[in-house]
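> pasting the structure only:
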């Protein structure tokens, strides 16, 4: 009756003759209908309250609740709105151009909020529950803000999801290296903390985590059933009192938003507890960049004239029209000062130092063929690494150079990637690569041109055989860790001889740099925290001769 009254009343504008006649004729029925609806809603709320009270749910972590929090952005945005819309959310760190810088990015609901934060070096007796506002010895950083909306997207469906996103960014400068700092963003009562980067040094030991293909742990459309467990494990790694991680590397297929801005918000909320405490560095994957139509060269933040779609590859519109915009705007990766012809193009391709490692990030969603813009950049980037200062050279990419069975189309792409850059990587003695894309974990032997080298100094030589490629001086160990959350891929038995280990479990990589010549790599189960695979990668004689 209530729905009928609303439908008939809408035949005329409110207050018109038909509207008044209807309400005079049915006044009693309408009152009864509204009363009945009120009683039913009240009863429903009482039943729901009683049911929730009987559950006695205990939340494991006050900061990360992926299993119970169905709409995390709803709660955070509601709190921000009550506070005037300027409460910062989605706080995350990124490295700067050198060890004395750190970038902080955050979101607000309103556009007229200050892009400012206060920070200072930690002191004896400091705690993170004390406000920094007005405290002695603090410094202020005034940054900038910018708006992002569906108009920034390349094509449908991302271009038709209406949204307005206000992002802020500030740079912390003149940091003392390898030192704890506190920072507080204007509009927030929360005091965050982080360790500043170490000065590049050949013997510096540290730990970093690396993985790909995680996705949002909450939103069902992200189709990432393992992501919630991974997020909880990352939090444990960051908070560990014995060996806390220093750096997180996400090598593409980040949120699986696929053009849905709400999934991006949910993902960024979920990683804030870890990303606000350690730098969260990213590489581009096909679900961030791939597109097939739209303005391309006008909007594409990489500057490419259009999408990369070679005839031999399985490249398609996997970002659903985002074309890298969401990733490029949300994550501020460092860009070094270089000549124009070899300038970084972050977050698509760029490089940075951390302790004893130089990380080189490339985009497998762009042209890597010899003579291409990215290839010329990569050659100059690898040649410029000082192996006496940063002896380890690690390449991060989304699509792997070596692919296991049965992934036929991905194997074909891998062959082209190897054909383009593997010789370059051998020339400059790249120690290891970390990739994703294949939703499983596996690692290769120290390999070149699909042949394991036979040098005894390499760890895990159980399956090595004599190299018959004519050049056995150096091989690269390839780790594929696309197992952080997305539905897992099949891995057939009877693989290529270059496969040293393969595990079909959700997990991530823990890399412990032990000095200039050895690095312990562990594959950790997201569900149990157990180490499922481990190997010590050892520098080859050819690499040691680089210094």
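Good, I have the coordinates. The shown structure was predicted, so the numbers you read here are calculated from the model rather than taken from an experiment.
> So what sits opposite residue 433 in the bridge?
Beta bridges link residue 433 to residue 395, residue 478, judged by DSSP bridges.
> let's have the chain start at 6 instead
Let's use 6 as the start, then, which means that last one is residue 438.
> I'd guessed it sits against residue 403; true?
No - when contacts are counted by C-beta atoms under 8 Å, residue 438 is not listed as touching residue 403 (10.9 Å). C-beta here means a position set from N, CA and C on the backbone, and glycine is covered the same way.
> neighbour count winner among these two?
Between residue 438 and residue 403, counted using other C-beta atoms under 10 Å, residue 403 has the larger neighbour count: 29 against 24.
> and the host helix or strand of residue 516, what does it pack onto?
Here residue 516 sits within strand 512-518, counting by DSSP states H and E. Contact partners of strand 512-518 among helices and strands, from 3 or more C-beta pairs under 8 Å, 6 or more residues apart in numbering; DSSP states H and E: strand 211-216, helix 232-244, strand 481-486, strand 523-530.
> most packed of the ones you listed?
Mean neighbour count, computed with mean count of other C-beta atoms under 10 Å, is highest for strand 481-486 among the helices and strands packed on strand 512-518, reaching a mean of 26.
> From the contact counts, what lies against that one?
strand 211-216, helix 413-432, strand 437-440, strand 446-453, strand 512-518.
> if we can go back for a sec, would you turn the helices and strands packed on strand 512-518 into JSON lines with mean pLDDT and distance to residue 169?
Shown next, in JSON lines, are the helices and strands packed on strand 512-518 (pLDDT from 0 to 100; distance: least, C-beta to C-beta, whole Å):
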{"stretch": "strand 211-216", "mean pLDDT": "98", "distance to residue 169": "31"}
{"stretch": "helix 232-244", "mean pLDDT": "97", "distance to residue 169": "26"}
{"stretch": "strand 481-486", "mean pLDDT": "98", "distance to residue 169": "35"}
{"stretch": "strand 523-530", "mean pLDDT": "98", "distance to residue 169": "39"}
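> closest to residue 189 out of those?
helix 232-244 (19.0 Å; C-beta to C-beta).
> Going along the chain, name the helices of the stretch 306-455 of the chain.
Assigned by DSSP state H, counting those that start in this stretch, the helices in the stretch 306-455 of the chain fall at 330-335, 378-388, 413-432.
> got any ranges where the stretch 106-255 of the chain has weak pLDDT?
130-134 (pLDDT under 70).
> Of all the helices and strands packed on strand 481-486, which one is nearest residue 280?
Nearest of the helices and strands packed on strand 481-486 (C-beta to C-beta): strand 211-216, 11.7 Å.
> Quick one: low-confidence residue ranges for this protein.
In the chain, residues with pLDDT under 70: 6-89, 130-134, 298-303, 459-477.
> circling back to that earlier point, among the helices of the stretch 306-455 of the chain, which is the most enclosed?
helix 330-335 (a mean of 22).
> got a list of contacts for that helix?
The contact list for helix 330-335 (C-beta atoms under 8 Å, 6 or more residues apart in numbering) reads 110, 151, 153, 157-159, 172, 259, 262, 266, 269, 273, 287, 289, 293-294, 304, 306-307, 352-353.
> need the contact list for the closest residue to residue 374 other than its chain neighbours.
In space, residue 374 comes closest to residue 425 once its chain neighbours are excluded; the distance is 5.3 Å by C-beta to C-beta, 6 or more residues apart in numbering. Residue 425 makes contact with 373, 374, 375, 380, according to C-beta under 8 Å, 6+ apart.
> Quick one, which of those residues are buried?
373, 380 (16 or more other C-beta atoms under 10 Å).
> For the contacts of residue 425, give me CSV that also has distance to residue 186.
Putting those into CSV (distance: C-beta to C-beta, whole Å) gives the following:
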residue, distance to residue 186
373, 38
374, 43
375, 44
380, 38
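> surely residue 399 meets residue 366?
No - if you go by C-beta under 8 Å, residue 399 and residue 366 don't touch, sitting 9.6 Å apart.
> In terms of neighbours, single out the busier of these two.
Neighbour tally, residue 399 and residue 366, criterion other C-beta under 10 Å: the higher count belongs to residue 366, 27 against 24.
> residue contacts, that one?
Counting by C-beta under 8 Å, 6+ apart, the residues that residue 366 touches are 286, 288, 338, 351, 352, 354, 355, 356, 400, 401, 402.
> Quick one: which of the residues you listed is the most crowded by neighbours?
residue 288 (33 neighbours).
> who does it bridge with?
residue 256.
> close enough to count as contact, residue 296 and residue 162?
No - if you go by C-beta under 8 Å, residue 296 and residue 162 don't touch, sitting 11.0 Å apart.
> For the two, list the residues in contact with both.
325, 326.
> Which one's more surrounded, the two?
Ranked by neighbour count (other C-beta under 10 Å), residue 296 and residue 162 place residue 296 first, with 31 against 15.
> got the contact list for the closest residue to residue 552 other than its chain neighbours?
In space, and not counting its chain neighbours, residue 552 is closest to residue 393: 4.0 Å by C-beta to C-beta, 6+ apart. Residues near residue 393 by C-beta under 8 Å, 6+ apart: 207, 551, 552.
> of the residues you listed, buried ones?
Buried among those (16+ other C-beta under 10 Å): 207, 551.
> still on that earlier bit, quick one: the helices and strands packed on strand 481-486 as JSON lines, columns for distance to residue 345 too.
Below are the helices and strands packed on strand 481-486 laid out as JSON lines (distance: least, C-beta to C-beta, whole Å):
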{"stretch": "strand 211-216", "distance to residue 345": "31"}
{"stretch": "helix 413-432", "distance to residue 345": "21"}
{"stretch": "strand 437-440", "distance to residue 345": "28"}
{"stretch": "strand 446-453", "distance to residue 345": "33"}
{"stretch": "strand 512-518", "distance to residue 345": "33"}
